[in-house]
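S.K.: Need coordinates for the following:
(chains A and B)
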There are 2 protein chains.
Amino acid sequence: MSIETLSSQNEKAYALLKEDAAKIRQLIEVQMSNLTMPQCPLYEEVLDTQMFGLSREIDFAIRLNLVSEEDGKKLLDELEKQLTSLHEASMKRK
Amino acid sequence: MSIETLSSQNEKAYALLKEDAAKIRQLIEVQMSNLTMPQCPLYEEVLDTQMFGLSREIDFAIRLNLVSEEDGKKLLDELEKQLTSLHEASMKRK
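M.R.: Alright, predicted model coming up:
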């Protein structure tokens, strides 16, 4: 029972982090297609702040042993890669 | 056993959040006494980013039922109050 509860807590933690990463991606997609240029300092600032927020969440989850360091790092790395591709695609269109 | 494990997890989560709030307070104290003026935009930016990071951690902990909404809000409110007093004290000295 204890292990079950803990592992479902771990799954929930990971699912929440993935959800938050997806939200950042969506926010950046919307920004890129509608509002600001990727060269805009405001864009950089929003992105940095959002990434910082997610990295704090992930770090917190790791310290609570809810997520492994490896999984946490992978999540952040993947999001960064996706954002880089989005950025490149947007630069090509302009 | 399950309840024990979960409640120690909750305690750990709350302790970590309090630690992180203390770190922000220390960072701001150091900044105020050494580096930049409270009117400096960089100071505002660091503070906003740090507060955003902590609020993401707290929100995450609430969503995992590790911390109650009330305790999370209280933690953030208290830190904000402390930072305001620090800010006021620093303004008086200048």
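S.K.: elements contacting the helix or strand containing A:Y14?
M.R.: Assigning secondary structure by DSSP states H and E places A:Y14 in helix A:2-30. On a contact count with 3 or more CB pairs under 8 Å, 6 or more residues apart in numbering or on different chains; DSSP states H and E, helix A:2-30 meets helix A:41-63, helix A:69-93, helix B:2-30, helix B:41-63. All C-beta atoms are positioned from the backbone trio N, CA, C, and that covers glycine.
S.K.: Average pLDDT for it, rounded please.
M.R.: Mean pLDDT, helix A:2-30: 87.
S.K.: what does stretch A:60-73 give?
M.R.: Here the average pLDDT along stretch A:60-73 is 96.
S.K.: in it, what counts as buried?
M.R.: A:60-64, A:66-67, A:71-72 (16 or more other CB atoms under 10 Å in any protein chain shown).
S.K.: now swap in stretch A:21-40 and tell me
M.R.: A:21, A:24-25, A:28, A:31-32, A:38.
S.K.: Of those, which is the nearest to B:K81?
M.R.: Lowest distance from B:K81 to the buried residues of stretch A:21-40 (CB to CB) belongs to A:I24, with 29.7 Å.
S.K.: Now do the contacts for the closest one.
M.R.: Contact analysis of A:I24 by CB atoms under 8 Å, 6 or more residues apart in numbering or on different chains lists A:50-51, A:54, A:79, A:83.
S.K.: How about A:L16?
M.R.: By CB under 8 Å, 6+ apart, the residues touching A:L16 are A:57, B:60, B:63-64.
S.K.: Now with 7 Å, please.
M.R.: Each residue near A:L16 by CB atoms under 7 Å, 6 or more residues apart in numbering or on different chains is listed here: B:60, B:63-64.
S.K.: these two touch, right, A:D20 and A:E57?
M.R.: Yes. Counting by CB atoms under 7 Å, A:E57 is a contact partner of A:D20 at 6.3 Å.
S.K.: rewinding a little: pull the most distant pair out of the contacts of A:I24.
M.R.: A:L54 and A:L83 (11.3 Å).
S.K.: Mind pulling up the pLDDT for A:N34?
M.R.: Looking at A:N34, its pLDDT stands at 72.
S.K.: quick one: which of the helices and strands packed on helix A:2-30 is nearest B:R93?
M.R.: Closest among the helices and strands packed on helix A:2-30, using CB to CB: helix B:2-30, at 12.8 Å.
S.K.: Skip the chain neighbours and tell me the closest residue to the most centrally placed residue in chain A.
M.R.: Note on chain A: the residue nearest the mean C-alpha position is A:A21, at 2.9 Å, using CA atoms, centre = their mean. Counting by CB to CB, 6 or more residues apart in numbering or on different chains, A:L79 is the residue found nearest to A:A21 once chain neighbours are left out, at 4.6 Å.
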